[in-house]
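Peer 1: Structure, please.
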Amino acid sequence: MSTQFDYVEENFRKISFRVNEAKEKYGRSGDIVEIMAVTKTVAPEIVNHAVSSCGIKLLGENRVQEYLSKKDSYLPASVHFIGQLQSNKVKYIIDSVDMIHSVDSIKLAKEIDRHAQRIGKIQDVLVEVNIAGEESKGGVSPGELTDVLAQAAELPNIKVQGLMTIPPAVNSEKFLYEMQKLYIDISDKKIDNINMSFLSMGMSGDYETAVKYGSNILRIGSALFGARIYK
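Peer 2: Modelled structure (predicted):
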């Protein structure tokens, strides 16, 4: 009888196949494109199975409280915080996450820097860009991005490693393309103390298109674990 473990394994095989097909199709066969398992509402034993049996190396956490309740149960894997992060919650995750994707203001960047300094850490971060200017989403506007990056570059205990975005569900390809252009433009500026190593975009509904436009971190939840039961 099929189990949820089998279901996750089969989904991972399908996702991996489609990612590799997209890499071949769009001339990226030599590129590393990471599949991140987004673990919101997923039980630790299911997450651990994805790590141990599927070879998932990267977990994406959305909610501070949920992450804190599960993190001690996880098998070893790299954990990135990808959800909206309030300044007053930084202190709870700073010692255990490898990267924070959702830096959407200098205020938050400074708070991350302050707590990283407190524990003697250089915290890798991505700056979140609100590529479509949606009021319902966080992120820096494209027009403000260069200035935000210049300010972030002055903070000694964070290291900007790239950009992240969540495009609209409708007409997402247009905005993935615009994000790629922005990413290349920022890369070409070669801002001191700013790396453009990662472009985090693409989720369960558009990850193949995100490969087309240069993403190298795909944040995949429901396509891997199934439809979420929200808590």
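
Peer 1: For the chain, which segments count as strands?
Peer 2: 34-38, 58-61, 78-81, 99-103, 123-129, 158-165, 194-200, 217-220 (DSSP state E).

Peer 1: right, and the ones you listed - which one's nearest residue 25?
Peer 2: strand 217-220 (15.2 Å; C-beta to C-beta). C-beta coordinates here come from the backbone N, C-alpha and C atoms, glycine included.

Peer 1: For burial, what's the neighbour tally of residue 27?
Peer 2: As a burial measure, residue 27 scores 9 neighbours (other C-beta atoms under 10 Å).

Peer 1: Check it and give its pLDDT.
Peer 2: For residue 27, the pLDDT comes out at 97.

Peer 1: just residue 169 next, same as before
Peer 2: For residue 169, the predicted pLDDT is 85.

Peer 1: Check residue 229 too.
Peer 2: Per-residue pLDDT puts residue 229 at 54.

Peer 1: ok, and for the top helix by length along the chain, which residues are buried?
Peer 2: Criterion DSSP state H: the longest helix present in the chain is helix 4-25. Neighbour counts using 16 or more other C-beta atoms under 10 Å place 8-9, 11-12, 15, 19, 22-23 of helix 4-25 among the buried residues.

Peer 1: go on, stretch 112-122?
Peer 2: Going by 16+ other C-beta under 10 Å, stretch 112-122 has these buried residues: 112-117.

Peer 1: As TSV, those residues with distance to residue 66 would be great.
Peer 2: Formatted as TSV, the buried residues of stretch 112-122 follow (distance: C-beta to C-beta, whole Å):
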residue	distance to residue 66
112	20
113	25
114	24
115	20
116	22
117	27
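
Peer 1: Quick check: of the residues you listed, which lies closest to residue 71?
Peer 2: Nearest to residue 71 among these is residue 115, at 16.8 Å by C-beta to C-beta.

Peer 1: pLDDT score for the nearest residue to that closest one once chain neighbours are set aside?
Peer 2: Spatial nearest neighbour of residue 115, chain neighbours left out: residue 94 (4.4 Å); criterion: C-beta to C-beta, 6 or more residues apart in numbering. Note on residue 94: pLDDT of 98.

Peer 1: To what extent is residue 94 buried, counted in neighbours?
Peer 2: 21.

Peer 1: can you check residue 41 too?
Peer 2: 15.

Peer 1: and it, how far is that from residue 227?
Peer 2: Residue 41 sits 10 Å away from residue 227, taking C-beta to C-beta, to the nearest Å as the criterion.

Peer 1: same deal with residue 168?
Peer 2: Distance from residue 168 to residue 227, by C-beta to C-beta: 21 Å.

Peer 1: Which of the two has more residues huddled nearby?
Peer 2: residue 168 (14 against 10).
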